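>>> Okay, predicted coordinates and the sequence, questions at the end:
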Amino acid sequence: MKILIIVESPLQLINANEYISSLNQKTQCKFYFINCKSESNILQMRKVFKTLKIKGNVIEASKNNALKNFYTRTLYYIKIRTLKIKLNYNENMFDLVLMGHILSMYQTVLVNGVTSKKIVILDDGNSAYMEQKRLRKEKIFSFFSPKQVFIAKLTGCNINLNYKQGKLNFYTMYKDLITDKYSYLNFEFNNFNRLRKLLSTKVTNTEKVFFIGSPFNGKIISRDYFNKNIEKITKHYLNKQIVYFPHRYEDKEQLEVIKQFGWEITNFNLPIEIALVEMKFLPLEFAFFYSTAFVSISKLVDKNFTSFEIDSSELMLQYDLITGLYQEYVSNERINKINL
């Protein structure tokens with residue numbers, strides 16, 4: 001089976017690998033790593049590829065801070081358009097295309113630039129809920145504005161949604177998103193069987209707690225409020241060793257606070273789902289302020305979780321996202337909720 005995989009984040013790559021593994025057949029894979037953000041993003045994708053021993057050819061289209069302004073965005077768009085032309089010229093047909101993120105214009109350009117029998121759209125964290133909310137209102141033909149669609153068409157690109165046989169196919173880890181109510185939406189469930197198998201032999205260290213980082217960086221909550229909460233959490237786990245898994249976008253100032261309270265900081269530079277593969281043991285429990293990684297990790301290991309919930313009045317950004325996650329945690333028996 002000839003497969004084209006287009007991803008923009010480590011999580012998308014993990015999900016792509018799960019789908020490929022579920023096929024249980026010989027595959028010929030070509031990967032496109034799209035990166036318009038930071039160097040850490042492309043480095044993590046490379047590490048995930050190596051750690052999971054994924055097989056296939058990789059082509060990178062990477063430019064740090066490509067979204068900085070109109071000029072840099074235009075240059076990056078030209079880069080993607082050139083890739084699309086080369087891809088279309090060199091490849092006749094793919095049996096399957098795996099698309100990392102349906103809201104990515106760059107991925108949409110590449111997906112629509114090739115001929116394929118089937119397209120499967122992967123999860124990219126909590127944004128899966130946002131895209132499904134829009135799709136379930138009506139059968140839309142693009143996530144982009146009419147102006148963007150027109151400009152793309154003038155440059156020989158198509159950024160409309162590609163309904164193969166009248167459907168969009170999704171491979172999702174979110175069971176509550178799966179429905180048969182919409183004739184134009186089709187779902188397959190990602191149970192992370194491959195990663196589960198890799199982690200099934202790990203022993204538990206009851207003296208350790210794994211804490212999943214969040215990139216507050218003094219923008220979502222103040223640094224002073226963050227510092228006070230780290231102190232509270234340290235006291236809560238007084239007789240335990242906290243192992244901290246930084247988010248790839250956390251800044252040095254925030255990590256220095258973590259160090260000051262004696263937490264051990266991992267340096268895998270990997271998504272936590274893959275960092276767990278590299279660890280020699282699993283913890284007593286996982287903890288976080290908020291995290292979309294909870295969904296995937298809860299499928300990988302049979303552990304409990306503690307959410308240290310931020311006072312909503314302290315939130316300066318992402319109010320709807322974070323409070324929405326906290327509402328979801330209420331009905332989950334595996335999450336112990338502690339208000340800060």
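Happy to help now that I have it. Residues are numbered from 1 along each chain as shown.
>>> Quick check: phi and psi at residue 69.
Dihedral angles of residue 69 (phi, psi; degrees, to the nearest 10) stand at phi -150, psi 180.
>>> What strand or helix carries residue 76?
Assigned by DSSP states H and E, residue 76 belongs to helix 70-90.
>>> Please work out which residues outside that helix touch it.
Outside of helix 70-90, the residues within contact range by C-beta atoms under 8 Å, 6 or more residues apart in numbering are 4, 32, 34, 36, 59, 61, 63, 65-67, 105-106, 109-110, 113-114, 155-157. To be clear about C-beta, it is placed using only N, CA and C from the backbone, and glycine gets the same treatment.
>>> Please repeat the previous calculation with a cut-off of 7 Å.
Contacts made with helix 70-90 from outside it, assessed by C-beta atoms under 7 Å, 6 or more residues apart in numbering, are listed as 36, 61, 63, 65-67, 106, 109-110, 113-114, 155, 157.
>>> Adding neighbour count, secondary structure and distance to residue 167, write those residues out as JSON lines.
Putting the contacts of helix 70-90 into JSON lines (neighbours: other C-beta atoms under 10 Å; DSSP: H, G, I helix; E, B strand; the rest coil; distance: C-beta to C-beta, whole Å) gives the following:
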{"residue": "36", "neighbour count": "24", "secondary structure": "coil", "distance to residue 167": "29"}
{"residue": "61", "neighbour count": "20", "secondary structure": "strand", "distance to residue 167": "28"}
{"residue": "63", "neighbour count": "18", "secondary structure": "coil", "distance to residue 167": "33"}
{"residue": "65", "neighbour count": "12", "secondary structure": "coil", "distance to residue 167": "36"}
{"residue": "66", "neighbour count": "21", "secondary structure": "coil", "distance to residue 167": "32"}
{"residue": "67", "neighbour count": "11", "secondary structure": "coil", "distance to residue 167": "31"}
{"residue": "106", "neighbour count": "25", "secondary structure": "helix", "distance to residue 167": "23"}
{"residue": "109", "neighbour count": "22", "secondary structure": "helix", "distance to residue 167": "21"}
{"residue": "110", "neighbour count": "23", "secondary structure": "helix", "distance to residue 167": "20"}
{"residue": "113", "neighbour count": "20", "secondary structure": "coil", "distance to residue 167": "20"}
{"residue": "114", "neighbour count": "18", "secondary structure": "coil", "distance to residue 167": "18"}
{"residue": "155", "neighbour count": "11", "secondary structure": "coil", "distance to residue 167": "28"}
{"residue": "157", "neighbour count": "21", "secondary structure": "coil", "distance to residue 167": "23"}
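>>> after the helix or strand hosting residue 107 comes which helix or strand?
Assigned by DSSP H and E, residue 107 belongs to helix 105-111. Sequence order places strand 119-122 as the next helix or strand after helix 105-111, per DSSP H and E.
>>> average pLDDT across that following strand?
Model confidence over strand 119-122, given as mean pLDDT, is 98.
>>> how close does the closest residue to residue 20 other than its chain neighbours get to residue 75?
Using C-beta to C-beta, 6 or more residues apart in numbering and skipping the chain neighbours, the partner closest in space to residue 20 is residue 27 (6.0 Å). For residue 27, the distance to residue 75 under the criterion C-beta to C-beta, to the nearest Å works out to 34 Å.
>>> which one of those two has more residues nearby?
In this comparison of residue 27 against residue 75, neighbours counted by other C-beta atoms under 10 Å, the higher total goes to residue 27 at 16 against 11.
>>> ok, now which ones touch the more buried one?
If a contact means C-beta under 7 Å, 6+ apart, then residue 27 has 1, 3, 20 as its contacts.
>>> Just give me the neighbour total for the second one.
By the criterion of other C-beta under 10 Å, residue 3 has 22 neighbours.
>>> So it, which state does it fall into?
Recorded secondary structure, residue 3: strand (DSSP: H, G, I helix; E, B strand; the rest coil).
>>> Assess the claim that it and residue 31 are in contact.
No - with contact defined as C-beta atoms under 7 Å, residue 3 and residue 31 do not form a contacting pair (9.1 Å).
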